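Q: need coordinates for the following:
(2 chains)
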Amino acid sequence: MAEFDLDASFIPALHKPAALLPIAKHRESLLYVVETYPITIVIGQTGSGKTTQIPQFLEGAGWCSEGQIIGVTQPRRVAATTVAVRVAEEAGCEIGKEVGYSIRFDDVTSSATRIKFLTDGLLIREALVDPLLSRYSVIMVDEAHERSISTDILLGLLKKIRKKRPKLRIIVSSATLQAGEFLKFFTYSSDEQAPKEDVEKKNDIAKIVSLEGRTYPIDILYLESPAENYLEKAIDTVFDIHTQEGEGDILVFLTGREEIDDALQAISERAAQAGSRYGAIQPLPLYAGLSTEQQMYIFDKPPEGTRKVIFSTNIAEASVTIDGIVYVIDSGFVKLRAYSPTTGIESLTASPVSKASASQRAGRAGRTKPGKCFRLYTEHYFEALPEANAPELQRSNLAPVVLQLKALGIDNVVRFDFLSPPPSELMSKALELLYALGALDEYAKLTRPLGFRMAELAVEPMMAKTLLSAQSFGCLSEILIIAAMTSLGGSVWFYHDGEQKRMESSRRKFAAEEGDHLTLLNVYTAFVTTGKKESHFCHDNHLNYKSMTRAVSIRRQLKRYLERFNIAVDESFKGDTSKKAEQIRRCLTSGNFAHAARMQPDGTYRNVEGGTVLHAHPSSLMFNRKANWVVFHEVMETGEKTFIRDITKIEKGWLLEYAPEFYKETDTRS
DNA sequence: AACAACTGC
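A: I've put the predicted structure just below:
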């Protein structure tokens, strides 16, 4: 008999058969718990198969009879789509048939769909139309421990819905740490005192189920004494691993772009010094601001004998998964957003990670074989870290949240059953702004039609107000574009290392005297007229193609909403915006009056109260131009400075004209 | 002279 080569005859299975996953042996008990208890809290480690298997178990057990469907929510779009595709493959059906997904701009479901993956934000939007989410027999909230704003709101809604629909089954998937908190939340009403004794006993509402994971062991190593500079220590550690440890790629967690660029440079310099004594090293950056192509390099196999070292922000903690990582280096820091209700200013500062984050980061080392995690801090320091970060709801601007809750019919937002109630100052600040914008009346009820319409538009309240005023200013088609462009959140431009100058000169080509909003309008206009035909347009002008196509989708969607409100959009597109510029600036003032500032002789800005020093962000046209009064889209504090972004020149008198109530007490002459 | 990461039929 001829010898045959195993490797040539067999190819590895694309996916592990479901029966081999550890979850398979829990099938019966899981189904029993879901049948018996309204709420199941699933503690599932990475690789347990919970997200892919549980929906299929439920479907097989008849939870989709009578035309009802199983919904599985994810905090991120990519997760919703990739998991859906995998489950469809396992189930042997075409995606969009029995198994489908639905995310903004991309609904791949049909009347045949029985298992539907969707973002949690989208399920909340569905509740606007179908308040009891009556199509769903089971809703599984995945990754609930991440505690995103949408997840938290959804959990509060589901608790409320369950009282009216006792048949609804809720599955909450969580990391070990927070399972008890979810259990308590669903077992007792908010005004009820949880008893001292073990909540899990004698509980017929909720039950915790633990599933073992399938990861390889990871050695955790700490520093003996604290590092003076974690960036230098990270570089040292990379070279120590490279020279002393076996094969495998390295993932380094840092806090932001600047640090990552510094690290890349340091690695290249040191590798050049070391010459060819060791194997080659290939340093790569990973952060959200990179274009799609640049992000793809991290998935490429490095040349033979070369070790890949990826320097990443928190994006690699849960959003992007890279195979082949054997070593993780954890700086112990992450940039976290916070919001001050007194100043209304968001801040973004490097803070120590939580224990939950640190263990998630370490887990990235054990996906394909046993790994090691080097923590650039002491074990003592680790012990002192918080268990988890404060949920996003407790450190954000709540104006969009309040607007959404009101639209869902929750008038008394302060008494809404939050998993973790936000501080009352955050609530008051949000209510004040919404009142000033006219979305709420003096009884804090959503106004008709303005408030209801603002809630339906998928842009922030100030921009929603601007958009809904645009028709009366005669610049609706322009504001529609500006709303789409500003909601991209600054990802319009991008540049490679050392290309800043060239990027700025291409930005000047689109510059409008009046400021950033009109410049964004020019960029969009150029993109849809010439850019879509010429494939090099975006590349040549340092524009992010993905962001630009997204702006096109957002604009189209906003337009559809306006048409539903019977607001007709004049499509005739005028390249010349000069005549309309003043109307656009006035319109921007009518929605953004709470974001006004005046330039000082030293070139910095002060807000109207005068207390806060604001700097034009270097990415703004107004960075090195003169102005008097301006309105801006965003304000953010980073490190020592507070920056404003997307800035447009206005007249002081317009503030009093469009927001007399807001400014009557304040002296704007100063 | 500089921006963590998400998201909305």
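Q: for the stretch 151-300 of chain A, which residues score under the pLDDT cut-off?
A: A:191, A:193-202, A:275-277 (pLDDT under 70).
Q: what do you get if the cut-off is 90, keeping everything else the same?
A: Residues of the stretch 151-300 of chain A meeting the criterion pLDDT under 90: A:174-180, A:188-204, A:211-216, A:227-228, A:257-258, A:268-280, A:288-300.
Q: could you measure from the residue of it found nearest DNA strand B over to A:Val320?
A: The minimum distance from the stretch 151-300 of chain A to DNA strand B, using Cβ to the nearest atom of the strand, falls at A:Gly256 (2.6 Å). The C-beta positions use only the backbone N, C-alpha and C, and glycine is treated the same way. From A:Gly256 over to A:Val320 the distance is 16 Å, taken as Cβ to Cβ, to the nearest Å.
Q: returning to that earlier point: quick one: residues contacting the residue of the stretch 151-300 of chain A closest to DNA strand B.
A: A:Tyr287, A:Thr313, A:Lys335, A:Ala350 (Cβ atoms under 8 Å, 6 or more residues apart in numbering).
Q: just say helix, strand or coil for the third one.
A: Same thing as A:Lys335. What DSSP: H, G, I helix; E, B strand; the rest coil gives for A:Lys335 is strand.
Q: please apply the same query to A:Cys373.
A: Assignment for A:Cys373 (three-state DSSP): strand.
Q: show me what from the stretch 551-670 of chain A comes close to DNA strand B.
A: A:Gln557, A:His617, A:Pro618, A:Ser619, A:Phe623, A:Met636, A:Thr638, A:Gly639, A:Lys641, A:Phe643, A:Arg645 (Cβ under 7 Å from any atom of the strand).
Q: for the residue nearest to the fifth one when sequence neighbours are not counted, give the beta-bridge partners.
A: Counting by Cβ to Cβ, 6 or more residues apart in numbering, A:Ala616 is the residue found nearest to A:Phe623 once chain neighbours are left out, at 4.7 Å. The residues paired with A:Ala616 through beta bridges, assigned by DSSP bridges, are A:Ile644.
Q: what sits against A:Ala616?
A: The neighbourhood of A:Ala616, defined by Cβ under 8 Å, 6+ apart, consists of A:Tyr605, A:Met622, A:Phe623, A:Phe643, A:Ile644, A:Ile647.
Q: looking at those, spot the one nearest A:Ala444.
A: A:Ile644 (29.2 Å; Cβ to Cβ).
Q: make sure that closest one is actually in contact with A:Ser620.
A: Yes. Counting by Cβ atoms under 8 Å, A:Ile644 touches A:Ser620, with 7.5 Å between them.
Q: for the two, indicate the residue with more neighbours.
A: With other Cβ atoms under 10 Å as the criterion, A:Ile644 and A:Ser620 differ in neighbour count, and A:Ile644 comes out ahead with 25 against 22.
Q: and that one, what pLDDT?
A: A:Ile644 carries a pLDDT value of 94.
Q: check A:Ser572 too.
A: Note for A:Ser572: predicted pLDDT of 65.
Q: and what of A:Gly515?
A: Reading off the confidence values, A:Gly515 has pLDDT 93.
Q: the closest residue to DNA strand B within the stretch 51-200 of chain A: neighbouring residues, count only.
A: Nearest to DNA strand B in the stretch 51-200 of chain A, going by Cβ to the nearest atom of the strand, is A:Arg125, at a distance of 2.8 Å. Around A:Arg125 there are 17 other residues, counting by other Cβ under 10 Å.
Q: name the residues of the strand or helix carrying it that are buried.
A: Element membership of A:Arg125 [criterion: DSSP states H and E] is helix A:120-129. Residues of helix A:120-129 classed as buried by neighbour count (16 or more other Cβ atoms under 10 Å): A:Asp120, A:Gly121, A:Leu122, A:Leu123, A:Ile124, A:Arg125, A:Ala127.
Q: any idea of the angle whichever helix or strand comes after that helix forms with helix A:120-129?
A: Next along the chain after helix A:120-129, taking DSSP H and E as the criterion, comes strand A:136-141. Strand A:136-141 and helix A:120-129 are oriented at 150 degrees to each other (axes from the mean of the first three to the mean of the last three Cα atoms, to 10 degrees).
Q: does strand A:136-141 come close to DNA strand B?
A: No. Using Cβ under 7 Å from any atom of the strand, strand A:136-141 never reaches DNA strand B; the gap is at least 12.6 Å.
Q: ok, that strand: who's next to it in the sheet?
A: Strand A:136-141 has these strand partners (DSSP bridges): strand A:69-74 (parallel), strand A:169-174 (parallel).
Q: could those go into TSV alongside distance to DNA strand B and mean neighbour count?
A: Below are the strands paired with strand A:136-141 laid out as TSV (distance: least, Cβ to the nearest atom of the strand, whole Å; neighbours: other Cβ atoms under 10 Å):
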stretch	distance to DNA strand B	mean neighbour count
strand A:69-74	8	25
strand A:169-174	17	24
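Q: the ones you listed into TSV, with extra columns for distance to A:Lys445?
A: Putting the strands paired with strand A:136-141 into TSV (distance: least, Cβ to Cβ, whole Å) gives the following:
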stretch	distance to A:Lys445
strand A:69-74	29
strand A:169-174	30
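Q: my read: A:Asn544 touches A:Gly490, true?
A: No. Taking contacts as Cβ under 8 Å, A:Asn544 lies outside contact range of A:Gly490: 10.0 Å.
Q: so A:Leu122 makes contact with A:Tyr101?
A: No. Taking contacts as Cβ under 8 Å, A:Leu122 lies outside contact range of A:Tyr101: 9.9 Å.
Q: looking at chain A, which helix is longest?
A: For chain A, the helix that runs over the most residues, judged by DSSP state H, is helix A:545-564.
Q: and that helix, how far out from the chain middle?
A: 19 Å (Cα atoms, centre = their mean, to the nearest Å).
Q: report the contact partners of the spatially most central residue of chain A.
A: For chain A, A:Arg76 is the residue whose C-alpha lies nearest the centre (Cα atoms, centre = their mean; 7.0 Å). Contacts for A:Arg76 (Cβ under 8 Å, 6+ apart) come out as A:Thr119, A:Ser319.
Q: domains of chain A?
A: Following automatic domain parsing, one finds the domains of chain A at A:18-211, A:218-389, A:397-456, A:462-670.
Q: next up, the contacts around A:Glu66.
A: Contacts for A:Glu66 (Cβ under 8 Å, 6+ apart) come out as A:Ser137.
Q: return the residues of the stretch 151-300 of chain A in contact with DNA strand B.
A: Counting by Cβ under 7 Å from any atom of the strand, the positions of the stretch 151-300 of chain A adjacent to DNA strand B are A:Thr255, A:Gly256, A:Arg257, A:Glu258, A:Tyr287, A:Ala288, A:Gly289.
Q: what distance separates the helix or strand hosting A:Val83 from the centre of its chain?
A: Per DSSP H and E: A:Val83 is located in helix A:77-91. Chain-centre distance of helix A:77-91: 19 Å, with Cα atoms, centre = their mean.
Q: how far off helix A:120-129 does that helix point, in degrees?
A: Using the same axes, to 10 degrees, helix A:77-91 lies at 90 degrees relative to helix A:120-129.
Q: which strands and helices lie in contact with helix A:77-91?
A: Using 3 or more Cβ pairs under 8 Å, 6 or more residues apart in numbering; DSSP states H and E, the elements in contact with helix A:77-91 are helix A:50-60, strand A:69-74, strand A:99-103, strand A:106-108, strand A:115-119.
Q: flag every buried residue along it.
A: A:Arg77, A:Ala79, A:Ala80, A:Thr81, A:Val83, A:Ala84, A:Arg86, A:Val87, A:Ala88, A:Glu90, A:Ala91.
Q: residue ranges with poor pLDDT in the stretch 301-450 of chain A?
A: A:301-305, A:318-324, A:340-344, A:349, A:356, A:360, A:363, A:366-369, A:387-389.
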